[in-house]
Each structure stands twice: as structure tokens, then as C-alpha cells.
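> 3D, please:
(2 chains)
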Amino acid sequence: MTPDPIIAAFRFGYGLPSPAGAPRGPEAMLAALAGPDTMATAFPGPRVDAAMLALMNDADTALRTSRRSEGAAATEARATYRAHIADLQSLRTDAVKASFARAVEAPDGFRERLVQFWSSHFTTTARSNTQAALPAALVEEAIRPHLTGPFSAMLRAAILHPAMLSYLDQSASIGPNSAFGQRKNKGLNENLARELLELHTLGAGSGYTQTDVRQMAELLTGLFMGKKGVTFNPVRAEPGPETVLGQTYDGDTLAAITRALDDLAIRPETATHLARKLATHFVADSPDPAIVTAIELALTQSNGDLMAAYTALLTHPAAWDPRKQKARQPFDFIAASLRALGLTGPQILRMGDGPFRRLILSPMTPMGQPWQAAPGPDGWAEEAEAWITPQGMAARITWAMEVPGRLVRPLPAPQTLLDRCLSASASDALIWAVPRAESVRQGVGLILASPDFNRR
Amino acid sequence: MTGHPFAPRLNRRHMLRGLGAVACSAAAHPLMTTVTLAGSDGAQPLGDHRLVVVILRGAMDGLDLVRPMGDPLLASYRPGLSATPGLDLDGYFALSPHLSGLTDLWQKGQLGFAHAVSTPYRNQRSHFDGQDILEAGTGLDLPDYAVRDGWLNRMLQSVPGLRAETAFAIGREAIPILEGRAEVRNWTPGMTFDLPSQSQLLLDHIYHDDPLFRAATTEALTLGVSMDAARMMEGQTPPVSDNRRLREMDRLVDFAADRLAEATRIAAFSLSGWDTHRNQAGAILGPMRQLERIVLRMADRLGPPVWDKTLLLAMTEFGRTVRENGSNGTDHGTGGAMLMAGGALRGGRVMGQWPGLATADLYQGRDLMPTSDVRAWAAWAMRGLYGIEAGVLERSIFPGLHMGDNPGLLA
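Here you go, the predicted structure:
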């Protein structure tokens, strides 16, 4: 099982054709990953900066005003609210376009695939219109900059991000014995603490207890997403030290929280959990235990260095198993299709919001992956069976048959497309079927709907 | 599937089909056929009896369909699934409460079951291989040339004088039980997931060797996923509602019944959705309702004169585990159950030798022990309905089968 360039493109990128400057082989792929994140600069995404905070705060204020007032004042406040929400949603749409543009253009597709992986690991969704651009900002500010560093850096950035604090109710969690909690008679919300242990670090069934969850929740109190962004206010924090997994964290400070996060990031249970997830995501729904062990070891020995984990992944023979055991998720399916059809990043950015929504964004919903709206904090399912469903296939086939002709004129000749996007990996069945298509449109549809194209 | 003795058959069938299929009929295509009807001309070489075979795809849980309530072990194996009481049949077995519409037929002796049945397939518990063996009607030890066709087709081959145009296929799912040299005709109902037939044929070709893609797409086409470009671009996720499934099923049953009322003698349906690994109590509701609907609507649509001459057999590739699993469902097992209905049936009985549920009585400590071959019941049905010689049944139609004693299936 030696590294095969076609397997590399499918399993660790967005498929063929390989983009200009694409690294060949594990060492070059890792070197490219260690280099600068050129796509983040070429196709920038949203950040929770002063402008976004102002938009969000003004939208909230306008909404409250519209509810409290009547007549012209209410109408005006509603209009202001709608305008701000439209601006926030447009930030979101631009971020989706940027994600596709990066996937299509990136010389190192592995980086973009890793961004999607970690975005699912640290899933958030907008829980109100005001939060529309927050999940994309988390990807931009917490995932991309820390993709190749120590896991602790990404963990800190993701857990302390406004999107996460809002999504997992941290802003509603108050130390019951804190001054604020006593005054307002408010208490703990364990949501973030529980998911932090279960999903983001240690993993379910790894031995932590309900007491650990409770203690972690108490430790996290004081932290919330406020008008000025992420804030730690000791008035909300549960007084006294907390003990999580035998470690005591004293002081009602942000520093105590980050110490706990740093400790969690390098726990052996976390290494096991992350190793299994990485191997499952990239290689097989039931990965070879050997590759899981190799990644786990790399993480443990390096105190959670993500580059070490990726190196263990890419240099393990099991990573190059010629069987394509995974199904492309809908984002990957569409991104790979756009690349195969020859669309460029700038073309995607230039698409009008209407066509972009109809042809690219909305079809992800019937395919089972509505954008940044995973069903739960555990992110997207990995099993091929979760994606290749009757509804999912009906949507993929319909997309493959109907949409390419609206994106690219003229469509590539099916034979050309077949060579370009599957090369030597096309199956005999597909090679047999493509020339028998009734039309170019149908021929293109067959290729994009085929298991050859949809498995990786 | 690779390495299995039956894998070569799939390829061969695939090849045979691929060479001519796009140019000619859609008969043999998995995405194209669900119900196949075989009839005869005015001379009626098959006589007046009708045989309807329903293939229950996904491994129907026989212990949920016909529950051995008289065995106290059942509740310990299946605390969740046995919590809702079944409908008492004979003091020992109880019928799934979802089939309450069938109790009248039971009282009239027009409903019966064979329990603890299976094909010769063992241990692998793959849906696709299990269904292939069920429909090929063979054991495991035969060379692949012997099992290219389905057993119901081989029955047709054994009867001289059946006319070519007397066979139909309805729907879009494969029914390999009727594939083979004897020609059958096909009918496809209107589609809700609209694909030109040429696209379907070619997609069928490229999905053929990928069971996951094949099954999902077949179900999308068969069970009415409403999907078109407009819906997709609006981001609509189509529900596959039970009502829609029932309506689709009604159309198939009505078409079959209308042909059976005339010259047609054989119909084969396929009904999927039985793979209930999770939350079985809810997941099995839809398929059970459809099964009930097939029987009741067939009886109603045919009316007494034809229904009295009809035997319906519903069979599945294998049963499910005796114990509930950790997600309130059951996993792939071995022994299962078979449902029989029709005015031609001497029913009102749960037939077969009951193996018991004690751990020592289970197959590999986990599955219901099969005590009879599902093919034997089908063989006795064809022996009784059409007078097919036992020798032909045991050698050609079900090679290697020992039919055993006559269970006296017919009224």
C-alpha cells in the first residue's frame, strides 16, 4: 500500500484534477501543510471583529426596541433589525462561497479537508439570526490558524470562541454561589462542560464521571459571550477551586480555565479519541487499529502536536489502502464536482447570491448536510450509510444531472470529464456506461453520481 | 461479498444483462422491477391457482411477526420489543399488533405462518448474499452456472406451453426470483423521483457492484422520494412517508391483482425496510403496515372467486437475533418466519417445528435455530398449486432440496 496520487487526491483532497502546484506524496503534502495558509488570504472569511460585534449588538437592540415600541418607531426598528440581519447573513453567504473557492483552488487540498474535519469536531450552529456569521468566524479564527499547531491551542481558541459559548449555552451558565447567581437565583448549565469532555477531548466512555462534568461546568462559570465579545467576569464564577480528573484548578480566573483546557488537550484519552476520529474520517469507517495506534502514539509523544498526528496518518500504509471505503460528504461532493467541472475560486465568489443558493448551498440540505447546521454538537456522521441514503442519493443524482449544465457552458465532453476527474480509477462499469449516455448532460451526471466519484 | 461462492453469479448476471439491456427491455434491471407477473394463455397450463410471492428485503424479524409469548424467555431476551402485547393466535404464539387487520383472515383459516425457517445460507449474514440465495433457490455448494436464474423462473421453465407475453414486471426493484430463461413482462408505475429510463438503466449499471449505492438508489426510486431540480434547489428534504409508501404499494398490488384476475397466475413483489437495527418498535411499523396492506388489498381487489384460488407467500433472506441489541433493535440472525395467506391456504396454524429459545437451543447461542428450509414450503406450495413433480422441484427448481413430509398447505 504505497502512496498513490489518485488515492491522495480523493482521500486527502478534493479529487482530480490535481490543482497547479499540488504536492505529491506524503512528505510534500506535510511540507505544504507546514507552510503558509495561502487560501485564508486569497479568499478571506469573517471574523468577530468590532464591526461584526457592532452589527450584532445593534441588531439585538433594534429587535428589543421593535418589540417594546409601537407604530412608526416599531416599524423603523424592525427595518433596522432586518437590514443588520441581512448584512450578517451576507457575511455568512460570503463565507460559504469562500469555503468552496478554497476547496476548488487550494494546491494542498489536505489543508482544506482538515479544516472541514476540525470544523465538524468543533461544530457550532447559529442559534439566532444575529449569530448567523459566528460559526464561520470560529472556523476562521479558531480552526485555520491552529490547524498545524498543538491541539491545546486549537482547543482553547474553539472553546473560548463566541460561537461555541453561544452554541453550547455557556453564556447561561452561572456559578450558583457566585454573587451574580445568588442575586439572580441562577445556576449551572453543564452543556459546554459535558461536550468539552465527551466530544472535544476525552471521548465518551473514557472514564470521566458526572462529578468531573459538574466540576468542569463550575470551572467554566464566569465565561460568557457579551456585548464586548468573550468576557470572563469573576462575579459570575462559582467561588472556590474545582477538581477535574484529579487536577485542582484554583482561582476564579480565565487562566484557571485555560490551564484545565491545556491539561485536557494532552490527556491520553484525548489522544485516543482524536486518533480514532482522524483515522475514521480520512481512511475508513472502521479503520485499521494499527493506524489509530500510530496516530495516538504520535499525539501522546508530542504532547498533542497536530503535525505529528497528520504525519502518522499520512505515512501509515493503511492510509493508502486502495479500497475507497468512505463516501464523500455533500460539501466534498459538490466541491469536487465544481473542481472537476473546471470552475475557479473567483468564479464562485462572483456568483450572485440567488444562483449560488439555488445551485450550491440549498442542494446540500436534501443531500443531508445543511450548511453549518449539523444535527448536534457531535458534528457530521462519518459512516457511508449516513450519506448514501435514498433521499441523499435522489438529491445527488438530481444535482449531478441538473446543475452542472447551469454552472458551465458548454459542458465538458463526458469522456474528457471522465479522464480528468477519475483518470485511471474509473471502473469498467462506468467506462461502459458513459459512452452510452443519451446526452452530454446525462453523461456528466453519470460520472458525478457514480460510486467511483462519490467514494474516496 | 468477494470470496463468497455466490459472488461470481452476480457478475455473470450483470454481464448477461449489460450486453443487451440498454437496447431491449428493462425487465432484468434492479432499478426497474418490483413486481413480476407470469401468466398463461387461454389454455392455462398452470390451471386456476395463483401464487403471489413477496420478498421481504432487509431480514424481517420473525420473532416480532409471530411472537412465542408462551415462552417466558421471550420477555427476558426482548424486554422492549415484547412490552406491547401481541394478538393471541393459538395460546402460545401471538401476532404482531401491527397486523391486527389480518385477524379475520386468521379466523377464516386464510392466514398462516411457518416458523424457524431459513435458506441454507449460514453465518455470513449479508443481506445481499442472503437475498441472492433466497431468490436463486439453491444451496451453497453448487457451481455458479446452476444458479443464474431465480427459482420461480425455473418453475415457469418446467411448465411447457406458457406464452412469452404472459409475464409482467411492476416497479423498479430487482426481483431475481423471476429472472431467467422463461420470459416475464414488466410494468413500472409512474415515478416520483423522476429519471429518464435510460438514466436509470445506466445508473443501475454503475451501482450494480456497490451494494450501498444500489440499495439507496433502488429505495429512492421504489419508495417514492419526491425529488426534482426545483425541490433540490429550494433545499427541500423529501420525507419518505408511510402514506406515500402505502399508496405506491397499492398501485403495485392493484396492477398485480387486476392481472391475476385474468390470465396471470404468478406475481412476485418485493417489500424492503426490514433491517431494524435501531428502535425496531418504530422502524418496523411502516413495513408491517405495508405487508398487512398487501394482503388485505390483494384479497379485496381479487374478490372471493380468485382469492379462494390464491396463495401468497412472504419470505425473507434470514431472521434476526433473538436478543434485542443496545439500540432497541435486533441484528442479523438466522432462523426467521414466513407468512402465508390466501383462500387456497389451509391456515389458522403456525407451522414448522418450534426449536425453543433456551440458550442451548439457539443457533450459535444468538439466533433462532432453523428447523426447516424455506424452500421446502415454497416447493410444497408449487406441488399443491400446479402439480409440479417432486423430482423436478428437488432437482431443477430447488437443486439439492429435500422436501420432507407434505405439510398439507392447501385447503
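> so what's residue 69 up against?
Picking chain A for this. With contact taken as CB atoms under 8 Å, 6 or more residues apart in numbering or on different chains, residue A:69 is in contact with residue A:77. To be clear about C-beta, it is placed using only N, CA and C from the backbone, and glycine gets the same treatment.
> could you do chain B instead?
Contacts for residue B:69 (CB under 8 Å, 6+ apart) come out as B:82, B:85, B:86, B:88, B:92, B:93, B:94.
> count the residues that sit near whichever residue of chain A sits closest to chain B.
Among residues of chain A, the one nearest chain B by CB to the nearest CB turns out to be residue A:362. It sits 3.3 Å away. Close neighbours of residue A:362, defined as other CB atoms under 10 Å in any protein chain shown, add up to 19.
> equivalent analysis for the one 5 residues further on, please.
Burial measure for residue A:367: 26 neighbouring residues, criterion other CB under 10 Å.
> residue A:396 is in contact with that one, correct?
Yes: contact status for residue A:367 versus residue A:396: in contact at 6.0 Å, counting by CB atoms under 8 Å.
> what do the two both touch?
Overlap of the contact sets of residue A:367 and residue A:396 (by CB under 8 Å, 6+ apart) consists of A:330, A:333.
> surely residue A:256 is within a helix?
Yes: secondary structure of residue A:256, determined by DSSP: H, G, I helix; E, B strand; the rest coil: located in a helix.
> burial measure for the nearest residue to it once chain neighbours are set aside, as a count.
What sits nearest to residue A:256 in space, not counting adjacent residues and going by CB to CB, 6 or more residues apart in numbering or on different chains, is residue A:249, at 4.4 Å. Burial of residue A:249, expressed as a neighbour count using other CB under 10 Å, amounts to 21.
> what of residue B:388?
Burial of residue B:388, expressed as a neighbour count using other CB under 10 Å, amounts to 19.
> which pLDDT value belongs to it?
You'll see residue B:388 listed with a pLDDT of 93.
> any figure for the gap between it and chain A?
For residue B:388, the distance to chain A (CB to the nearest CB, to the nearest Å) stands at 37 Å.
> ok, and the closest non-adjacent residue to that residue?
residue B:382 (4.8 Å).
> the stretch 1-150 of chain B: helices as residue ranges?
Taking DSSP state H, counting those that start in this stretch as the test, the helices found in the stretch 1-150 of chain B are B:7-20, B:62-65, B:73-77, B:103-107, B:127-136.
> report the longest helix in the chain, please.
All of this refers to chain A. For chain A, the helix that runs over the most residues, judged by DSSP state H, is helix A:71-105.
> sorry, I should have been clearer: chain B.
From DSSP H, the single longest helix across chain B is helix B:285-307.
> counting by contacts, list what that one packs against.
strand B:50-57, helix B:242-260, strand B:264-272, strand B:310-316, strand B:336-341 (3 or more CB pairs under 8 Å, 6 or more residues apart in numbering or on different chains; DSSP states H and E).
> burial check on the closest residue to chain A within the stretch 201-350 of chain B, number of neighbours?
At 3.3 Å from chain A, residue B:235 is the closest residue in the stretch 201-350 of chain B, using CB to the nearest CB. The number of residues packed around residue B:235, counting by other CB under 10 Å, is 18.
> residue A:335 now?
Number of residues near residue A:335 (other CB under 10 Å) recorded here: 29.
> that one: helix or strand, and which one exactly?
Taking DSSP states H and E as the criterion, the element that holds residue A:335 is helix A:330-341.
> for residue 348, which non-adjacent residue is closest in space?
Picked chain A for this. residue A:101 (4.6 Å).
> I was thinking of chain B, sorry if that wasn't clear
Closest residue to residue B:348 apart from its sequence neighbours, by CB to CB, 6+ apart: residue B:109 at 4.1 Å.
> for that neighbour, what are its contacts?
Applying CB under 8 Å, 6+ apart as the definition, the contact partners of residue B:109 turn out to be B:345, B:346, B:347, B:348, B:411.
> from residue B:409, how far out is it?
Taking CB to CB, to the nearest Å as the measure, residue B:109 falls 12 Å from residue B:409.
> can you pull the residues that touch both of the two?
Shared contacts of residue B:109 and residue B:409 (CB under 8 Å, 6+ apart): B:345, B:346.
> re the thing from before, export the helix or strand where the residue nearest to residue B:388 lies to PDB, keeping only CA atoms.
In this structure, residue B:382 is located in helix B:374-386 according to DSSP H and E. C-alpha atoms of helix B:374-386 as PDB (Å, rounded to 0.1, in the frame of the first residue of the first chain):
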ATOM      1  CA  VAL B 374     -37.900 -22.000   3.500                       C
ATOM      2  CA  ARG B 375     -37.600 -23.600   0.000                       C
ATOM      3  CA  ALA B 376     -39.500 -26.700   1.200                       C
ATOM      4  CA  TRP B 377     -42.600 -24.600   1.900                       C
ATOM      5  CA  ALA B 378     -42.400 -23.000  -1.500                       C
ATOM      6  CA  ALA B 379     -41.900 -26.400  -3.100                       C
ATOM      7  CA  TRP B 380     -44.900 -27.900  -1.400                       C
ATOM      8  CA  ALA B 381     -46.900 -24.800  -2.400                       C
ATOM      9  CA  MET B 382     -46.000 -25.300  -6.100                       C
ATOM     10  CA  ARG B 383     -46.500 -29.000  -5.800                       C
ATOM     11  CA  GLY B 384     -50.000 -28.400  -4.500                       C
ATOM     12  CA  LEU B 385     -51.000 -25.500  -6.700                       C
ATOM     13  CA  TYR B 386     -49.600 -26.700 -10.000                       C
END
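> now for it, which elements pack on it?
For helix B:374-386, the packing partners by 3+ CB pairs under 8 Å, 6+ apart are strand B:50-57, strand B:111-118, helix B:151-157, strand B:310-316, strand B:336-341.
> report the next helix or strand after it in sequence order.
Stepping forward along the backbone from helix B:374-386, the first helix or strand reached (DSSP H and E) is helix B:390-392.
> not counting its own residues, what contacts that next one?
The list of residues contacting helix B:390-392 from outside it, by CB under 8 Å, 6+ apart, reads B:158, B:379, B:383, B:403.
> go again using 10 Å as the cut-off
Defining contact as CB atoms under 10 Å, 6 or more residues apart in numbering or on different chains, one finds that helix B:390-392 is touched by B:154-155, B:157-159, B:379-380, B:382-383, B:398, B:401, B:403, B:406.
> quick one: end-to-end length of stretch A:160-179, please.
Between the opening and closing residues of stretch A:160-179 lies a distance of 23 Å (CA to CA, to the nearest Å).
> buried residues in it, which are they?
Of the residues in stretch A:160-179, those buried by neighbour count under the rule 16 or more other CB atoms under 10 Å in any protein chain shown are A:160-168, A:170-171, A:173-175, A:178.
> what's the farthest-apart pair in the residues you listed?
Spatial extent of these (CB to CB) is set by the pair A:163 and A:178 at 24.5 Å.
> distance of the closest residue to residue B:279 other than its chain neighbours from residue B:283?
Leaving aside its chain neighbours, residue B:279 sits nearest to residue B:328 (5.0 Å; criterion: CB to CB, 6+ apart). Counting by CB to CB, the separation of residue B:328 from residue B:283 is 9 Å.
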